[in-house]
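>>> need a structure here:
(chains A, B and C)
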Amino acid sequence: MVRRVGVWTVSALVLALAVAALAVLWSLRTDRPQPRSAVLERLAPLPPPEARALPAASAARAEEGQWTMPLGDYAATRFSALDQIDAGNVSELRPVFTFDTGIAKGHEAAPLVVGSTMYVVTPFPNIVYALDLTRPGNPLKWAFRPRPLQRAQGVACCDVVNRGAAFAGGRIFFNTLDGQTIALDAETGREIWRTRLGNIDIGETLTMAPLVAEGRVLVGSSGGEFGVRGWLAALDASSGALLWKAWSTGPDSDVLIGPDFRPFYASERGRDLGVTTWHPEGWKLGGGTAWGWISYDPDTRLIYYGTGNPGPWNPDQRPGDNKWTAGLFARDLRTGQARWFYQSSPHDLFDHDDVNESILLDIPVGGRRRPVLVRPGRTGFMYVIDRFTGQVLAADPYAHVNSIRRIDLRTGRPQYAPEKAPRSGRVVRDICPASPGGKDWNPSAFSPRTGLIYVPHLNLCMDHGITEANYIAGTPYLGAESRMHAGPGGHRGVLTAWDPVARRPVWRIREDLPLWSGALATGGDLVFYGTMDGLFKAVDARSGRLLWQYQLNSGTIGQPVSYRGPDGRQYVAILAGVGGWSGAIVSGALDKGDPTSALGFVNAVRDLPARTDAGGRLYVFALPR
Amino acid sequence: MSSPFRAEAIMLALLALAGCHRETRDYRSDAMKAAERGAAFEDNAFHIAQGQRLYAWMNCAGCHAHGGGGMGPPLMDDEWRYGGRMEQIAATILDGRPNGMPSFRRRVTEDQAWQLAAFVRALSAQPRQDALPGRADEPRNTEPMTLDERKPIRPVTAKSDDASEE
Amino acid sequence: MTTPSILDKIQSAAGNDGRHGQLISELFSVFLVVTLVFYFLVFAFLLWAIFRRRRGDSREQPLRAILAGWVGLIALGLAGLTTASWVFDRRLARADSGPALEIEVIARQWWWDVRYADNDAHRVFRTANELHLPVGVPARITLRSSDVIHSFWIPNLAGKQDMIPGRENDLSLLPLREGVYRAQCAEFCGLQHARMALDVTVESPAAFAAWRAAQLRPAAAPAAGPAQAGQAIVTGRQCASCHAIAGTPASGQVAPDLTHFASRRTIAAGTLPMSRANIAAWITDPQTPKPGNNMPRVPLSPAELDAVTAYLETLR
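Numbers count the residues shown, from 1 in each chain, chains lettered A, B, ... in the order given. A predicted model of the protein is given here:
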């Protein structure tokens, strides 16, 4: 017996089918993420004046209105006291001058301004341009072409970048990718001396901005991805002669550890730990390159700098704590002898170099001011460390972290989460933060007016698989394959305003793309930073509210600076030109079909080529007259 | 012919004929031999698989990732700075190139360089489908290769490859 | 160095030279005895059934009592075997626990990458295709594979344990008798599965400590002459891309560690006995004795071959 199907039944079926079809089509729509706009979160009140940190008085800069080193001063504050541009008038800021470098690679440098000249160091081939600020149009005063070896480009892990020059004593000091440190006469651009420190045939390059203090030029190598043995060297500023060289691994005599060495924690004490915490001979390929930032306290004559990741990335191939990599050194500037050391990542598992900036601050504690340094680490923790003893006073996460449960302040050691430790032959998923860490090299800024540290950082997690690393000199010594993606929330970059005394974020801006540019804080209560798709922004230092932005011709990974021009006006300058590790997909024209390219970063920024182009241009902004 | 020198004339003519042997001119000698050698490695699944092994062992993956590039340019697309034919890739590997490609002449044998060249071409799916390696061990965003039919990006033929490759 | 010594034991799956193998052997004996008893019983019944005189009455008698007795006997036998199995399993588990020498073996096509672990990172060392164990000391071996499935089997000492890529297995051993044993891969793993042998030397704790101390030493610098030229070739050319020799710049990780190469008894995981002639033969053409293995034919002139062989011989 066949029952006739009613017309209502048929209609219901047709409707259901139509809905189902629409649902399928909807789910198949191209999953091209729309660019998210930045989102501001207010989290805590500003610290009152008596509860604010102050920059270490001894490390203050000599003269306001100039910019003689990329971090601004020896305390690494990246703060300009100039206040002509403030929250009220910044909306009128506009570019008054641009200068094309002619190189379409990642521009990480900070332009320097000394007197009436601006100095810019480009990525490879590391040309130094000096621009005359007194004449209209800021014409070129001189250009110096060091002609570094072409094949150095093959051993630059993260684009052929250069983080800037340093000025001291009438000279400009900078590094070239092929391992040379060069001193130029700042006025004429004439080469005074040139010293070769790095051997590119084993993968040693130079990308960092040197620090010059008391007649010494401090230079640290790059190449931790190539199995090189890292070092920090001091050259005589007048002649370029090598004064001392402190290796990051090896016997105490090489690491310049002597009777002055008084580390706070027990795990840093012992003889020749740079040998015994490695498998035999492992320290010779150990990494620990010092390619990041150096701070200096003129009162104590101590320099503070971090060492990079151990080699290879595969931790199973290097049992032991792997001293003295992934940690922070305090050394005497004159002799290089180590005073203390703190290892933030013993037996590093995630390429968490420790080379980020150390901001020297005096923090109010119990009515007195305690001299500390505050540093946002790659591990995702904000460390507050006593400048004299190396004791970690506080370590709080400023980013999303699941790879480390906590930092044990008694021993100083991180408690790694075992489920996030890399395992041979497996891919461990969702390790946060990813290998560039909670924040990579791009420096923060500190404003003594608000007492806040402005940290431009990342929100990335990764899937990480380790394989066997084979050592062949001059080729990468890695043993790991990663694939990064956005962390919880879906945004990939964050600008956090962090209160170092209360140890918490005050406000946060979530950015769609990872933040790889430095931050600048000014006396007008503004914070400047730029995004990887080229938006150069000014936000209110107190509230985080966006006050101004400008679209640059290329994404920016540079460090903004502010200076007083010869006409007395305040200017803000930044280099645009996306690249670096984060922007390699654009500057290197990489293929997003392979998620492991650029050491996993390409997967996290697959939308970048659609949003910006490679380029290289200096922008200078000012208020209208 | 009734010349007193008839015999000598004939002899001279014969001698001249002997001088007619024309020397062979091998215009593309090295390239020809190299191309033959390349052909032996080209569509051979064993050599491509060995090339895949060597690609990881010799740290090619450290600079070129798994074709996407990094410190070095991508290898899975159809842009070849120094040529995309077998012998050109093998030459790039053995000689190195000025902008940072190291020379592997003292680090691999010639046969291994050919195997690597075969694998590099496999990254852009140039060889025959049945010779392509099916198993990729690295983290990927796509389904395993065995479920994909891979189309070559753009085959590199002798005609398309010239001095101006890009 | 290559002549077989009286210490060489015959490779035997009976496994009586190690505690675990011994326990399995004993269990095997129990099973053999019980099953033999039943076998002969059944055989006896069969013979009786064939040769007994027939009675006039062709009707079959019910066998209730005998049947019940037989079933009861079988149940008893099975219960006995089960109990024996359980008892030996517990004994094996006890033999597995406790502090032990930690060794990691990574199987690769077609050789064994052996790493001796230690709490002190700088006492960790790596060797290839050989294992030394102190007699009477428990050892725990972590088994991994870097490519395909292999299986670790020292027949005289214990049973097999698979080595599976992406997974860590382990095997405990307690060697009871000194000697040299031949172990091998027990899971088909490719072209040269048959030539993947492992030399296991069980020796006194003092001899083991001496061997361990020797393994921790880097390779000594060779004297002037062909050996020195050989070192320059080995560390500067294709060899260093894959092999490591501690104390020299050669740090390749994907091929056997050669620091103490000449102190081993065989070349290429049991393919050739160690001798100067065989070293030269192996380097000249590794693809003939072991076709398909991953070592390429490195082109060397006769003088270079002589130098390299002289150098490798010094790596004791």
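
>>> use CA for all of it now, contacts and neighbours both
Will do.

>>> what about chain B, any weak spots by pLDDT?
Where chain B drops to pLDDT under 70, the residues are B:1-2, B:19, B:24-33, B:135-166.

>>> And the helices in it, which stretches?
Here chain B has its helices, by DSSP state H, at B:6-18, B:29-42, B:45-57, B:60-64, B:86-95, B:110-123.

>>> can you put these in CSV and add mean neighbour count?
Shown next, in CSV, are the helices of chain B (neighbours: other CA atoms under 10 Å in any protein chain shown):
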stretch, mean neighbour count
helix B:6-18, 11
helix B:29-42, 15
helix B:45-57, 21
helix B:60-64, 25
helix B:86-95, 22
helix B:110-123, 26
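
>>> what stretches of the stretch 1-150 of chain C score poorly on pLDDT?
C:1-7, C:57-58.

>>> repeat that for 90
C:1-16, C:21, C:49, C:52-67, C:92-100, C:119 (pLDDT under 90).

>>> Quick check, the residue in it closest to chain B?
residue C:147 (10.2 Å; CA to the nearest CA).

>>> close enough to count as contact, that residue and residue C:163?
No. Taking contacts as CA atoms under 8 Å, residue C:147 lies outside contact range of residue C:163: 9.7 Å.

>>> Would you mind telling me which of these two has the busier surroundings?
residue C:163 (28 against 16; other CA atoms under 10 Å in any protein chain shown).

>>> give me phi/psi at the more buried one?
phi -120, psi 110 (degrees, to the nearest 10).

>>> check contacts around residue 105.
Going with chain A. Shown in contact with residue A:105 (CA atoms under 8 Å, 6 or more residues apart in numbering or on different chains): A:123, A:159-161, A:577-580, A:587-588, A:614-616.

>>> sorry, should have said chain C
Counting by CA under 8 Å, 6+ apart, residue C:105 touches C:112, C:113, C:114, C:115, C:141, C:142, C:143, C:144.

>>> Can I get the residues you listed in a markdown table including neighbour count?
Shown next, in a markdown table, are the contacts of residue C:105 (neighbours: other CA under 10 Å):
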| residue | neighbour count |
| --- | --- |
| C:112 | 27 |
| C:113 | 24 |
| C:114 | 23 |
| C:115 | 19 |
| C:141 | 23 |
| C:142 | 18 |
| C:143 | 24 |
| C:144 | 28 |
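
>>> which ones are touching the residue of chain B found nearest chain C?
Residue of chain B nearest chain C, by CA to the nearest CA: residue B:107 (4.1 Å). By CA under 8 Å, 6+ apart, the contact set of residue B:107 is C:237, C:238, C:239, C:240, C:241.

>>> How about residue A:284?
Neighbouring residues of residue A:284 by CA under 8 Å, 6+ apart: A:228, A:229, A:249, A:250.

>>> That one - that's part of a helix, no?
Yes. Under DSSP: H, G, I helix; E, B strand; the rest coil, residue A:284 falls within a helix.

>>> so residue C:244 touches residue C:238, yeah?
No. If you go by CA under 8 Å, residue C:244 and residue C:238 don't touch, sitting 11.5 Å apart.

>>> more neighbours, these two?
More crowded of residue C:244 and residue C:238, by other CA under 10 Å: residue C:244, with 25 against 21.

>>> That one bridge partners, please.
residue C:251 (DSSP bridges).

>>> what residues are up against it?
The contact partners of residue C:244, taken as CA under 8 Å, 6+ apart, are C:250, C:251, C:252, C:253, C:255, C:256, C:257, C:258, C:259.

>>> if you set the cut-off to 10 Å instead, what comes out?
A:470-471, C:126, C:234-235, C:250-259 (CA atoms under 10 Å, 6 or more residues apart in numbering or on different chains).

>>> of the residues you listed, closest to residue B:14?
residue C:234 (60.1 Å; CA to CA).

>>> Tell me the backbone dihedrals of the closest one, please.
Torsion angles at residue C:234 (phi, psi; degrees, to the nearest 10) stand at phi -60, psi -40.

>>> For residue A:246, see how far away it is.
31 Å (CA to CA, to the nearest Å).

>>> These two: who's more crowded?
Neighbour count, other CA under 10 Å: between residue C:234 and residue A:246, residue C:234 has more, with 25 against 22.

>>> Could you find the closest non-adjacent residue to the more buried one?
Nearest residue to residue C:234 in three dimensions, chain neighbours excluded: residue C:240, at 6.2 Å (CA to CA, 6 or more residues apart in numbering or on different chains).

>>> quick one: that neighbour is in a helix?
Yes. Under three-state DSSP, residue C:240 falls within a helix.

>>> Secondary structure added to the contacts of residue A:105, as JSON lines?
Listed next are those as JSON lines, based on three-state DSSP:
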{"residue": "A:123", "secondary structure": "coil"}
{"residue": "A:159", "secondary structure": "strand"}
{"residue": "A:160", "secondary structure": "coil"}
{"residue": "A:161", "secondary structure": "coil"}
{"residue": "A:577", "secondary structure": "coil"}
{"residue": "A:578", "secondary structure": "coil"}
{"residue": "A:579", "secondary structure": "coil"}
{"residue": "A:580", "secondary structure": "coil"}
{"residue": "A:587", "secondary structure": "helix"}
{"residue": "A:588", "secondary structure": "coil"}
{"residue": "A:614", "secondary structure": "coil"}
{"residue": "A:615", "secondary structure": "coil"}
{"residue": "A:616", "secondary structure": "coil"}
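
>>> follow-up on the earlier one: tell me, what's touching residue C:244 and residue C:238 both at once?
Common contact partners of residue C:244 and residue C:238 (CA under 10 Å, 6+ apart): residue C:250.

>>> Can you tell me the closest non-neighbouring residue to the residue of chain B found nearest chain A?
Closest residue of chain B to chain A, CA to the nearest CA: residue B:100 (3.4 Å). Nearest-residue entry for residue B:100: residue A:154, 3.4 Å, with adjacent residues in sequence omitted and distances by CA to CA, 6+ apart.

>>> burial count for that neighbour?
By the other CA under 10 Å criterion, the neighbourhood of residue A:154 contains 23 residues.

>>> Show me where the chain has its helices.
Using chain A. Assigned by DSSP H, the helices in chain A fall at A:7-27, A:252-255, A:273-276, A:584-587, A:601-604, A:608-611.

>>> Correction: the question concerned chain C.
Using DSSP H, the helices of chain C run over C:19-51, C:64-96, C:205-216, C:226-236, C:239-242, C:276-284, C:302-313.

>>> Which residues of the stretch 451-600 of chain A lie near chain C?
Within the stretch 451-600 of chain A, the residues that sit near chain C (CA under 10 Å from any CA of the partner chain) are A:467, A:468, A:469, A:470, A:471, A:472, A:473.

>>> Would you mind measuring from the first one to chain B?
Looking back up the chat, that one is residue A:467. 9 Å (CA to the nearest CA, to the nearest Å).

>>> for the last one, same thing?
Computed with CA to the nearest CA, the distance linking residue A:473 and chain B is 10 Å.

>>> ok, the residue nearest to that residue when sequence neighbours are not counted - contacts?
Of all residues not flanking residue A:473 in the chain, residue A:202 sits nearest, at 5.1 Å (CA to CA, 6+ apart). Taking CA under 10 Å, 6+ apart, we find residue A:202 in contact with A:155, A:223, A:226, A:227, A:228, A:229, A:472, A:473, A:474, A:475, A:476.

>>> In a markdown table: the residues you listed, plus neighbour count.
Converted to a markdown table, the contacts of residue A:202 look like this (neighbours: other CA under 10 Å):
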| residue | neighbour count |
| --- | --- |
| A:155 | 31 |
| A:223 | 32 |
| A:226 | 27 |
| A:227 | 30 |
| A:228 | 30 |
| A:229 | 26 |
| A:472 | 24 |
| A:473 | 22 |
| A:474 | 22 |
| A:475 | 24 |
| A:476 | 30 |
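
>>> got those as a markdown table, with pLDDT columns?
Listed next are those as a markdown table, based on pLDDT from 0 to 100:
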| residue | pLDDT |
| --- | --- |
| A:155 | 95 |
| A:223 | 95 |
| A:226 | 96 |
| A:227 | 94 |
| A:228 | 95 |
| A:229 | 96 |
| A:472 | 96 |
| A:473 | 95 |
| A:474 | 94 |
| A:475 | 96 |
| A:476 | 96 |
